[in-house]
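[1] A predicted structure for the sequence below; I have some questions about it.
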Amino acid sequence: MNSKYLRNLPAPVLLIFLITFLFACKKDPIPVGLDLLPAKDTLNIKTTDTATLVAYSVLQDSVRTDETTLSMIGSLMDPVFGSTTAGTYMQYRLSAESPDFGTNPKLDSVVLLIPYGTFYGDTNSIQSLKVYELNDDIYTDSIYYSNHTVQTSGIPLADYSFKPARYDSLTIGGVKTVPHIRINLSTLTNYFGNKLLYAPSSALSTSADFIGFMKGLYISSAKAPSGGALMSYDPTSSPSKIVMYFHNDTEDSLHFDFVGNTLCARFSHFDHNQYRDAEPDLKRQVIQKDTTLGKSTLYVQGLGGMRIRLRLPYLAAFGNSGKVAINSAILTIKNAQTDTTFAPPPSLTLVAVDTAGHVGFLIDENEGTSYFGGAYNPYSRTYIFRITRHMQAIIDGKGTNYDLFLMANDPSVNILVPNRITITGTNPTLPGLSSDRIKLEVIYTKLH
């Protein structure tokens with residue numbers, strides 16, 4: 001009806017019209033689907049969020065770190081998780097085969113360039129790096145984990161301290177370049193630079209020959225006494241290289257690049273100092289294995305740190321009193337940390353692990369991440385996982401109720417995740433936290 005017409009109606013007539021309209025539009029608030037089931041069946045739909053959960057944090061042995069898109073260096077001192085240091089083993093290749101350095105070349109300097117990347121932690125702290133030459137080979141077709149080490153010469157080529165300046169571009173030879181770290185490898189000794197400059201022609205004919213001659217570098221990080229940060233960077237980007245500066249009898253200001261690229265073997269190493277610097281409650285739960293502390297607080301840390309072991313011991317009991325259809329089973333995990341310096345992982349991974357240690361993915365994950373879940377919601381400060389089909393399979397005797405593990409890294413994807421998080425446990429004792437507990441909310445129908 002035209003609104004202009006309504007405005008011209010007498011007030012009593014308009015009032016009667018409005019009352020008639022409102023009552024005519026009144027509908028049953030939940031009619032959808034009720035005509036599909038007999039009325040008695042709607043009474044068998046039940047909801048519970050009191051399913052028994054047993055959860056506690058455990059150490060994660062290691063994560064795979066070879067040929068990742070990003071490598072990691074740096075050190076931080078976390079007030080909860082303690083110390084973490086990261087270092088990178090890296091090969092370098094010739095920028096051009098069979099280079100000619102001219103007559104009577106002389107070394108000026110040799111500089112390692114590391115492009116700035118993303119930081120996790122406090123970038124206002126001083127970072128200290130040491131660089132060593134590798135004594136052993138590393139290979140692109142080998143698998144390396146975060147606890148793997150390679151023998152080095154033991155003599156540092158550089159001992160370099162700096163405060164990250166990741167937004168400051170540099171001008172090199174009149175050319176403006178992206179922000180990067182520059183470590184002079186000829187300050188302590190000229191050995192390495194002279195090794196490169198006076199390498200035999202057989203070592204410079206191909207990159208494969210060169211890698212056999214100079215096996216690579218280890219960029220290590222000194223333990224930060226406080227603060228600190230971990231830096232992820234792209235070791236295959238154009239700023240990632242060793243630049244040798246030299247002159248010869250005919251020319252000054254020459255240079256030659258030894259580059260990092262996707263053909264270079266590389267992997268990262270992480271050290272958590274056995275959690276000696278972690279807070280006492282974390283050490284009691286994870287190191288001393290007091291699993292009851294998981295009722296209060298749980299811990300997840302990337303970079304081969306720690307994960308949550310989760311048991312749902314009575315899932316099968318949902319079917320003890322007859323056939324049951326699981327309509328929805330949602331696991332909710334609440335972020336308990338308040339320190340904004342350390343962002344929570346952007347997502348968590350939930351997997352099942354059998355008694356032999358084999359990792360398996362839950363059947364619900366086949367429906368895609370939008371259904372299965374795992375992404376962090378910054379507004380509710382939660383992660384959720386939908387495990388409806390997993391639970392139904394266990395009730396029906398078609399699946400095994402293996403322990404589940406929550407972790408920051410996805411074992412099927414080779415990506416380094418430095419983030420960590422504290423999570424409200426299964427039965428927190430502090431007032432006001434009971435609603436934040438890790439819980440499984442189940443909606444189910446008793447069929448008979």
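    The structure has been received and is ready for your questions. Numbers count the residues shown, from 1 in each chain.
[2] so who does L59 touch?
    Contact partners of L59, counting by Cβ atoms under 8 Å, 6 or more residues apart in numbering, are 286-287, 305-306. For the C-beta atoms, the positions are set from N, CA and C on the backbone; glycine is no exception.
[3] if any of those are buried, put those into a ChimeraX selection.
    Per 16 or more other Cβ atoms under 10 Å, the buried members of these correspond to this ChimeraX selection:
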select :286,305,306
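[4] give me the subset of the contacts of L59 lying in strands.
    Those of the contacts of L59 mapping onto strands are M306, per DSSP state E.
[5] need the max-distance pair from the contacts of L59.
    Comparing every pair within the contacts of L59 by Cβ to Cβ identifies I287 and G305 as the most remote, at 12.4 Å.
[6] show me where pLDDT drops low in this structure?
    Scanning the chain for pLDDT under 70 picks out the ranges 1-43, 168-176, 430-433.
[7] tell me the domain ranges of it?
    For the chain, automatic domain parsing gives the domain ranges 45-60+278-446, 71-264.
[8] distance from the chain centre to the longest one, please.
    In other words, domain 71-264. 24 Å (Cα atoms, centre = their mean, to the nearest Å).
[9] output the domains of the chain in CSV; the columns should cover distance to F270.
    Shown next, in CSV, are the domains of the chain (distance: least, Cβ to Cβ, whole Å):
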stretch, distance to F270
domain 45-60+278-446, 4
domain 71-264, 4
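[10] ends of stretch 261-269, how far apart?
    Stretch 261-269 has an end-to-end distance of 19 Å (Cα to Cα, to the nearest Å).
[11] could you do stretch 214-226 as well?
    Terminal residues of stretch 214-226 lie 35 Å apart, using Cα to Cα.
[12] what residues of it count as buried?
    Counting neighbours by 16+ other Cβ under 10 Å, stretch 214-226 gives 214-222, 224 as buried.
[13] what does stretch 401-409 give?
    Counting neighbours by 16+ other Cβ under 10 Å, the buried set in stretch 401-409 is 401-402, 404-409.
[14] please apply the same query to stretch 69-85.
    70-78, 80-85.
[15] leaving out chain neighbours, which residue sits closest to P411?
    Nearest non-adjacent residue to P411, counting by Cβ to Cβ, 6 or more residues apart in numbering: V359, 5.7 Å away.
[16] returning to what we had before: can you put the contacts of L59 in CSV and add distance to A317?
    Output for the contacts of L59, formatted as CSV (distance: Cβ to Cβ, whole Å):
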residue, distance to A317
V286, 30
I287, 33
G305, 34
M306, 30
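[17] and of the contacts of L59, the nearest to S98?
    For the contacts of L59, the nearest to S98 is G305 (45.7 Å; Cβ to Cβ).
[18] how about the closest one, phi and psi?
    phi -90, psi -90 (degrees, to the nearest 10).
[19] need the contact list for it.
    Neighbour list for G305: 59-60, 81, 84, 270, 272, 408, 420 [criterion: Cβ under 8 Å, 6+ apart].
[20] shouldn't S71 be in contact with M90?
    Yes - judged on Cβ atoms under 8 Å, S71 makes contact with M90 at a distance of 7.1 Å.
[21] find the residues that touch each one of the two.
    Counting by Cβ under 8 Å, 6+ apart, the contacts common to S71 and M90 are 235, 266.
[22] quick one on the thing from earlier: mind listing which of the contacts of G305 are in strands?
    Of those, the ones assigned to strands by DSSP E are 59, 84, 270, 420.
[23] report the beta-bridge partner residues of the second one.
    Per DSSP bridges, residues listed as beta-bridge partners of T84: L76.
[24] show me what contacts it?
    Here T84 is in contact with 75-76, 78, 230, 270-273, 303, 305, 418 (criterion: Cβ under 8 Å, 6+ apart).
[25] from the buried residues of stretch 401-409, pick the one nearest S328.
    For these, the residue nearest S328 by Cβ to Cβ is L404; the value is 17.5 Å.
[26] now do the contacts for that closest one.
    Neighbours of L404 in contact, by Cβ under 8 Å, 6+ apart: 309-312, 350-353, 362.
[27] which of those residues are buried?
    309-310, 312, 350-352, 362.
[28] got TSV for those residues, with secondary structure and distance to D281 too?
    Listed next are those as TSV, based on DSSP: H, G, I helix; E, B strand; the rest coil; distance: Cβ to Cβ, whole Å:
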residue	secondary structure	distance to D281
R309	strand	17
L310	strand	19
L312	coil	24
L350	strand	24
V351	strand	26
A352	strand	28
L362	coil	30
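[29] reformat these into CSV and put distance to T332 next to each item.
    As requested, the buried ones among the contacts of L404 are exported to CSV (distance: Cβ to Cβ, whole Å):
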residue, distance to T332
R309, 18
L310, 12
L312, 14
L350, 12
V351, 18
A352, 18
L362, 16
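[30] mind picking the two most distant members of the residues you listed?
    R309 and L362 (15.3 Å).
[31] can you tell me which of the contacts of G305 is nearest G294?
    For the contacts of G305, the nearest to G294 is L59 (13.9 Å; Cβ to Cβ).
[32] quick check: beta-bridge partners of the closest one?
    Legend: beta-bridge partners of L59 under DSSP bridges are M306.
[33] also T424?
    Beta bridges link T424 to T297, judged by DSSP bridges.
[34] doesn't K295 make contact with it?
    No - using Cβ under 8 Å, T424 makes no contact with K295, being 9.9 Å away.
[35] more neighbours, the two?
    For T424 and K295, the more surrounded residue by other Cβ atoms under 10 Å is T424, and the numbers stand at 25 against 19.
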